[in-house]
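Participant: need a 3D model of the following:
(chains A and B)
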Amino acid sequence: EAGVVQSPRYKIIEKKQPVAFWCNPISGHNTLYWYLQNLGQGPELLIRYENEEAVDDSQLPKDRFSAERLKGVDSTLKIQPAELGDSAVYLCASSLSQGNYNEQFFGPGTRLTVL
Amino acid sequence: SQQGEEDPQALSIQEGENATMNCSYKTSINNLQWYRQNSGRGLVHLILIRSNEREKHSGRLRVTLDTSKKSSSLLITASRAADTASYFCATGSTGANSKLTFGKGITLSVRP
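Facilitator: Sure, this is the predicted structure:
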């Protein structure tokens, strides 16, 4: 069974440029998460989807970050424009419904470097 | 904000020894989970313990939960060099909009 797929694995951009990350969750997982992980820290939730609905986006900086999960399967996270402080690893995870009560499966992450 | 706080921040042991990692949290939880992260990789789920459970085993892993002290411990017995990784505790909150909140993690080094 394929795990959570993320692309790209690495991205280097200059500040003020846009960037997008893609995630394909495990087949059959209704819940999808985007996390931000800074160096030496644990993941912090940005947004959670139940199917195509964003049910928790309270930690998403909406002035520059956006996300979508149009058909309730794969998802895209976008930053526009990127700032130096956005350099981090962006992790996607998925789980069966009621994911907070079940294990989450993580992708390898996208390491973003903003110059 | 991160609710779970792991202790110690770093741990170095010899292969074959046991490793004990602790996690404390502040608010009521539905469950507590432990994850492992190898360098440059995503997190891997190790074990989940629910708030009405006190102890759980999985292979060489043993997790305890003390809700009165708001703390949990992860014991890895007979450690191996391959156990070298960062370990995170994550608390699952209660309520309608519950979510998983991760701590800062513990760096475990197992010397061969």
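
Participant: strand partners (parallel or antiparallel) of the helix or strand encompassing B:Phe88?
Facilitator: Assigned by DSSP states H and E, B:Phe88 falls within strand B:85-93. The sheet places strand B:85-93 alongside strand B:29-37 (antiparallel), strand B:100-102 (antiparallel), strand B:106-111 (antiparallel), with pairing taken from DSSP bridges.

Participant: for A:Val73, which of those strands is the nearest?
Facilitator: With respect to A:Val73, and counting by C-beta to C-beta, the nearest of the strands paired with strand B:85-93 is strand B:100-102 at 21.6 Å. Quick note: C-beta positions are derived from backbone N, CA and C, even for glycine.

Participant: one step back: out of the strands paired with strand B:85-93, which one sits most buried?
Facilitator: strand B:100-102 (a mean of 25; mean count of other C-beta atoms under 10 Å in any protein chain shown).

Participant: is stretch A:102-115 anywhere near chain B?
Facilitator: Yes. Judged by C-beta under 8 Å from any C-beta of the partner chain, stretch A:102-115 and chain B are in contact via A:Asn102, A:Glu103, A:Gln104, A:Phe105, A:Phe106, A:Gly107, A:Pro108, A:Gly109.

Participant: which helix or strand contains the most centrally placed residue in chain A?
Facilitator: Central residue of chain A (C-alpha atoms, centre = their mean): A:Trp34, 2.9 Å from the mean position. Using DSSP H and E, A:Trp34 maps to strand A:31-37.

Participant: what's the angle from that strand to strand B:29-37?
Facilitator: If you take axes from the mean of the first three to the mean of the last three C-alpha atoms, to 10 degrees, strand A:31-37 sits at 60 degrees to strand B:29-37.

Participant: which elements pack onto the helix or strand that strand A:31-37 is followed by?
Facilitator: Using DSSP H and E, the helix or strand that follows strand A:31-37 towards the C-terminus is strand A:44-50. Counting contacts by 3 or more C-beta pairs under 8 Å, 6 or more residues apart in numbering or on different chains; DSSP states H and E, strand A:44-50 is packed against strand A:31-37, strand A:53-56, strand A:65-68, strand A:75-79, strand B:100-102.

Participant: nearest to B:Lys26, of the ones you listed?
Facilitator: Nearest of the helices and strands packed on strand A:44-50 (C-beta to C-beta): strand B:100-102, 9.9 Å.

Participant: what about the closest one, average pLDDT?
Facilitator: For strand B:100-102, mean pLDDT is 90.

Participant: do the same with stretch A:14-28
Facilitator: Per-residue scores along stretch A:14-28 average to 96.

Participant: how about the contacts made by the residue nearest to A:Ser97 when sequence neighbours are not counted?
Facilitator: Spatial nearest neighbour of A:Ser97, chain neighbours left out: A:Asn30 (4.8 Å); criterion: C-beta to C-beta, 6 or more residues apart in numbering or on different chains. A:Asn30 is in contact with A:Glu50, A:Asn51, A:Gly72, A:Leu96, A:Ser97, counting by C-beta atoms under 8 Å, 6 or more residues apart in numbering or on different chains.

Participant: just the buried ones from those?
Facilitator: Among these, those classed as buried by 16 or more other C-beta atoms under 10 Å in any protein chain shown are A:Glu50.

Participant: closest one of the contacts of A:Asn30 to A:Ile12?
Facilitator: A:Gly72 (31.3 Å).

Participant: quick one, what contacts that closest one?
Facilitator: Per C-beta under 8 Å, 6+ apart, neighbours of A:Gly72: A:Asn30, A:Tyr49, A:Asn51, A:Glu52.
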